[in-house]
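1. requesting a structural model of the entry that follows:
(chains A and B)
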Protein chains: 2
Amino acid sequence: MDFLSKLTSALPDTPILTGPDCAPWVTDWTGAWHGEPMAVIRPACTAEVSQIMAMAHAGNVPVVPAGGRTGLVGGAHAPDALVVSLDRMNTIRQVTPRTRTAIVEAGVILQSLRESAAELGMQFPMTFGAQGSATIGGILSTNAGGSNVLKYGNTRDLCLGIEAVLPDGTVLDLMSELHKDNTGYALKHLLIGAEGTLGIITAAVLKLSPAPRVRSTAFLACPSLTDALTTLNRLQEATSDAVEAFEYMPAHYMAAYADMHPQARQPFTDIHGVNILVELASTAPRDAALSPEGTTVLQDTFESTLATLFEEGLLTDATIATNDSQRAAFWAIRESAAELSLAGPRAAIVNDIALPLDEIASFLDRMNALLPTLDADAFDMTVAHLGDGNIHYTVRPSDKALKDTIMSAVEAEVRALGGSFSAEHGVGQSKLSSMTRHKNTAALDTMRAIKQAIDPTGILNPGKVIPPASSSL
Amino acid sequence: MDFLSKLTSALPDTPILTGPDCAPWVTDWTGAWHGEPMAVIRPACTAEVSQIMAMAHAGNVPVVPAGGRTGLVGGAHAPDALVVSLDRMNTIRQVTPRTRTAIVEAGVILQSLRESAAELGMQFPMTFGAQGSATIGGILSTNAGGSNVLKYGNTRDLCLGIEAVLPDGTVLDLMSELHKDNTGYALKHLLIGAEGTLGIITAAVLKLSPAPRVRSTAFLACPSLTDALTTLNRLQEATSDAVEAFEYMPAHYMAAYADMHPQARQPFTDIHGVNILVELASTAPRDAALSPEGTTVLQDTFESTLATLFEEGLLTDATIATNDSQRAAFWAIRESAAELSLAGPRAAIVNDIALPLDEIASFLDRMNALLPTLDADAFDMTVAHLGDGNIHYTVRPSDKALKDTIMSAVEAEVRALGGSFSAEHGVGQSKLSSMTRHKNTAALDTMRAIKQAIDPTGILNPGKVIPPASSSL
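-> Below you'll find the predicted structure:
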């Protein structure tokens, strides 16, 4: 009996898709990767995932776990593999404001958890463009980032416990609600960010926080990125760490947005080199209280701090959103990044890089000098989670044959400045050559040893994250 | 040539202590573990640590890394092993307020880093009793906790990058300053908390935060632990997360302190069942500003929130510290925990346990019923980092022969409530049997596979953290 027949008889009630029914799993939304899976199986519970993995292990069948498949690096690409889709395991088991925890299955969509938390006055602060499709299993497996990392951390920082199925079908139950637990190796952290190469995450205990009672949002213009970093530090101090987001957009980003959306409200009439979208949040009733002028106390604090920064020459312009629609208009500018960076006829090179906070200006200066020497007609678009050092430096080359040259040059500059070639997107398949070029040998060797120890037959998400050893390149 | 002679000729300038000179390393400060090391070597740099490990690897010599040796679980116990003491690698290489980072060697004493940061207006928020001796390498290797975890996290949450020497002498350089870096497995997190069984941490990049400009400290009395948890949630919301510490002491703790320190200022005249030391902190100038009454705005916010909690019956008593000496007097009560719990003729059983936040009251209720049935004359002393669910439940049995019975009973209750038998102290040697009894098999097997992959000959801190497989028990 072939593997799929065995699987069907072992799990008669579990949907198994083959042939044309697998179409949605043949490519991902980036469109960069194509490959027909052997089949897609949609288990209903952890016990089924365990049984599937035990059978795949016995049959030496490659398995690729799938969540919302919104990744940008081909991590869920599954040619000839059995896709284990977690989409049916989508129960939010518990949201507990009292302990500020949520217990969820891996297939829960991020947006659903955010909404369930909000109904109870809480928030799950992870937020990014794809949150309407991305799943909890996926954001944990990729240690997703986004705009709020500055205040709340990456996905791993929001996770108290996980459950995962190991390559041989063993269920690893680490579903702890504990804030302190020093009983051996940090297996939770090893599985988070492993992009499904060490285990299939099936459930998690996540941290919630109280939903902010009030926010204050502004566009700022600073003379330089150095001044912007000082401004961030000063705002964090002045508000005792109320800064949720601090997003950088250069002049040509703002201009491109204005061209594309001529009717949209622009924050500034003047053109500025360093534009920052900043958002403060507070849960404190005193910050939400209205002053005699009808503004919130949070906004008053914000304004008085900005006034001081103006006097010191750290700011050149500022517009505070005075209502929700203005706030939404400001965020619409930032959220047009994909549209602005990726639209157009020339395939873009997405560089999701991280740098030490005080090297960001150097990096952009270097690239401004270097890029024209590599491709005189290249077009670059930058947007950055400046507060956490994460720059999306997207380049559209004049000729796609220049892609590798440009990407290598970017990564060499990043490495020279102590940065990383993948900040929040992960490695998947599209960054394997970057791993070979830039990850240090000791780290790669240690990763290989761990992969070999946990998945000795290499059936779980094969060919992802860890590049082949140089001898076999 | 024997191993030590080889070591001496390879590293002629590196101090190697033998015989009586090893006396300080024969036992640790708990006095529970004794054993003469083969020798103690004191390298000056990472390259020397690497050379030592390469030679130990070649010679199959067991190695135990040593920091401040303030651990409570025998993790640095080194009979017949080569101790690698990091004490000479004690340079604070860099403290950078602008990027809120510090780069330090493993032998730096926690208190020294805290002082260096404070001189520049910053703080490294990790704090606990042994900070005058504990080293950065030690707190990372044990993922130390303490009183400020509630707001700032455990040591792993304060670490951006590490450097470690692997068992074969390979240097694993993960000295990143980055806040986002998704390029493969979280090796940093695997080494943190591994108690020196996977590598010797030699340096780290740590996160700093701005030093609070103002603090407000109080003793509260709540009708119940359930009310105390509500009070914590409410205070966090009201202050937008300004609560640094939330420490619980029961009535008999307060009474024991008053007996031992009759001249000390007591926070309350009445006896209360649930006493809480709470501390708020803010970096905001507006919170440090003085109101017309001469109190800080932070204190005013605190007082008005407490007033509401009183009205709702969540508080029964409160005393706010009005000056630094009163604040110090309040903390002196909390910091007497070791003195109160461990003093006396009967050896204490230190249970460093963690529980889900809403199970703490159940645990204490259960133990109050259970303990007298196990040992009618047992004496228990509890103090808890209540905000993060970490209880130090210390028991002095009437007969030390009852130690295992009592410890097993405590751990069984903890496990039944979803807790952990080691919250912040780690496993070392003294919790090995707890690992065997309570750690789930899948986690233990995965830990063994990782240990085998990274340290196949088992020379690094042998016999710690991972209990022998059951067949060899």
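
2. going forward, measure contacts between C-alpha atoms and count neighbours the same way
-> OK.

3. CA atoms of stretch A:166-186 as PDB?
-> Provided in PDB are the C-alpha atoms of stretch A:166-186 (Å, rounded to 0.1, in the frame of the first residue of the first chain):
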ATOM      1  CA  LEU A 166       8.600  16.300  16.800                       C
ATOM      2  CA  PRO A 167       9.700  14.600  13.500                       C
ATOM      3  CA  ASP A 168       9.100  11.100  14.900                       C
ATOM      4  CA  GLY A 169       5.600  12.000  16.100                       C
ATOM      5  CA  THR A 170       6.500  12.600  19.700                       C
ATOM      6  CA  VAL A 171       4.300  15.300  21.300                       C
ATOM      7  CA  LEU A 172       6.500  17.800  23.100                       C
ATOM      8  CA  ASP A 173       4.200  19.500  25.600                       C
ATOM      9  CA  LEU A 174       5.600  22.700  26.900                       C
ATOM     10  CA  MET A 175       2.300  24.400  27.400                       C
ATOM     11  CA  SER A 176       3.400  26.400  30.400                       C
ATOM     12  CA  GLU A 177       1.800  29.600  31.600                       C
ATOM     13  CA  LEU A 178       4.800  30.300  33.800                       C
ATOM     14  CA  HIS A 179       6.900  33.500  33.700                       C
ATOM     15  CA  LYS A 180       9.800  31.700  35.300                       C
ATOM     16  CA  ASP A 181      10.800  28.200  34.600                       C
ATOM     17  CA  ASN A 182      14.500  27.100  34.700                       C
ATOM     18  CA  THR A 183      14.200  23.400  34.300                       C
ATOM     19  CA  GLY A 184      16.600  22.600  31.500                       C
ATOM     20  CA  TYR A 185      17.200  23.800  28.000                       C
ATOM     21  CA  ALA A 186      15.100  26.400  26.300                       C
END
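
4. what is the mean pLDDT for it?
-> In this model, stretch A:166-186 has an average pLDDT of 97.

5. any bit of it sitting next to chain B?
-> Yes - using C-alpha under 8 Å from any C-alpha of the partner chain, we find that stretch A:166-186 touches chain B at A:170-173, A:176-186.

6. same question for stretch A:350-361.
-> Yes - counting by C-alpha under 8 Å from any C-alpha, chain B has neighbours in stretch A:350-361: A:354-358.

7. again with stretch A:194-204
-> Yes - residues of stretch A:194-204 contacting chain B under C-alpha under 8 Å from any C-alpha: A:Ala194.

8. quick check: closest non-adjacent residue to the residue of the stretch 51-200 of chain A found nearest chain B.
-> Nearest to chain B in the stretch 51-200 of chain A, going by C-alpha to the nearest C-alpha, is A:Asp181, at a distance of 4.3 Å. Nearest residue to A:Asp181 in three dimensions, chain neighbours excluded: B:Ala423, at 4.3 Å (C-alpha to C-alpha, 6 or more residues apart in numbering or on different chains).

9. which residues sit in contact with the one you found?
-> By C-alpha atoms under 8 Å, 6 or more residues apart in numbering or on different chains, B:Ala423 lies in contact with A:180-183, B:352-354, B:390.

10. now swap in A:Leu280 and tell me
-> Counting by C-alpha under 8 Å, 6+ apart, A:Leu280 makes contact with A:215-217, A:242-245.

11. between the strand or helix carrying A:Ala443 and helix B:441-454, how big is the angle?
-> Using DSSP states H and E, A:Ala443 sits within helix A:441-454. Counting by axes from the mean of the first three to the mean of the last three C-alpha atoms, to 10 degrees, helix A:441-454 lies at 140 degrees to helix B:441-454.

12. run through the neighbouring helices and strands of helix A:441-454.
-> Using 3 or more C-alpha pairs under 8 Å, 6 or more residues apart in numbering or on different chains; DSSP states H and E, the elements in contact with helix A:441-454 are strand B:171-174, helix B:441-454.

13. so what touches it?
-> Residues from elsewhere that reach helix A:441-454, judged by C-alpha under 8 Å, 6+ apart: A:166-167, A:197-198, A:458, A:466, B:170-173, B:184-185, B:187, B:446, B:449-450, B:453-454.

14. may I see the buried residues of that helix?
-> Residues A:441-444, A:446-454 are the ones in helix A:441-454 that count as buried (16 or more other C-alpha atoms under 10 Å in any protein chain shown).

15. please apply the same query to stretch A:86-93.
-> Under the neighbour-count criterion of 16+ other C-alpha under 10 Å, stretch A:86-93 has A:86-87, A:89-92 buried.

16. picking that back up, quick one, phi psi at the residue nearest to A:Asp181?
-> With angles defined as degrees, to the nearest 10, B:Ala423 sits at phi -80, psi -50.

17. quick check: pLDDT value at it.
-> On the pLDDT scale, B:Ala423 gets 96.

18. which of the contacts of A:Leu280 sits closest to chain B?
-> For the contacts of A:Leu280, the nearest to chain B is A:Ala242 (8.0 Å; C-alpha to the nearest C-alpha).

19. what's the distance between the closest one and A:Ser216?
-> Noted for A:Ala242: a distance of 10 Å to A:Ser216, by C-alpha to C-alpha, to the nearest Å.

20. just the element for A:Thr394, please.
-> Per DSSP H and E, A:Thr394 falls inside strand A:390-396.

21. quick one: contacts for the residue nearest to A:Leu357 when sequence neighbours are not counted?
-> Residue nearest to A:Leu357 in three dimensions, not counting chain neighbours: A:Gly389, with 5.1 Å by C-alpha to C-alpha, 6+ apart. Contacts for A:Gly389 (C-alpha under 8 Å, 6+ apart) come out as A:354-357, A:360, B:178-180.

22. can you do 7 Å?
-> Contacts for A:Gly389 (C-alpha atoms under 7 Å, 6 or more residues apart in numbering or on different chains) come out as A:354-357, B:179.

23. save those residues as a markdown table, and put in secondary structure too.
-> Formatted as a markdown table, those follow (DSSP: H, G, I helix; E, B strand; the rest coil):
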| residue | secondary structure |
| --- | --- |
| A:Ala354 | strand |
| A:Leu355 | coil |
| A:Pro356 | coil |
| A:Leu357 | helix |
| B:His179 | coil |
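
24. tell me the pLDDT at A:Ser472?
-> A:Ser472 is assigned 44 on the pLDDT scale.

25. what's the spacing between the nearest residue to A:Arg396 once chain neighbours are set aside and A:Ala401?
-> Closest residue to A:Arg396 apart from its sequence neighbours, by C-alpha to C-alpha, 6+ apart: A:Ala348 at 4.5 Å. Distance, A:Ala348 to A:Ala401, using C-alpha to C-alpha: 12 Å.

26. of these two, who's got more company?
-> Ranked by neighbour count (other C-alpha atoms under 10 Å in any protein chain shown), A:Ala348 and A:Ala401 place A:Ala348 first, with 20 against 9.

27. the more buried one touches A:Asp399, doesn't it?
-> No - using C-alpha atoms under 7 Å, A:Ala348 is not in contact with A:Asp399, being 10.4 Å away.

28. where exactly do the helices run in the stretch 301-450 of chain A?
-> A:324-334, A:337-342, A:360-374, A:403-416, A:432-438, A:441-454 (DSSP state H, counting those that start in this stretch).
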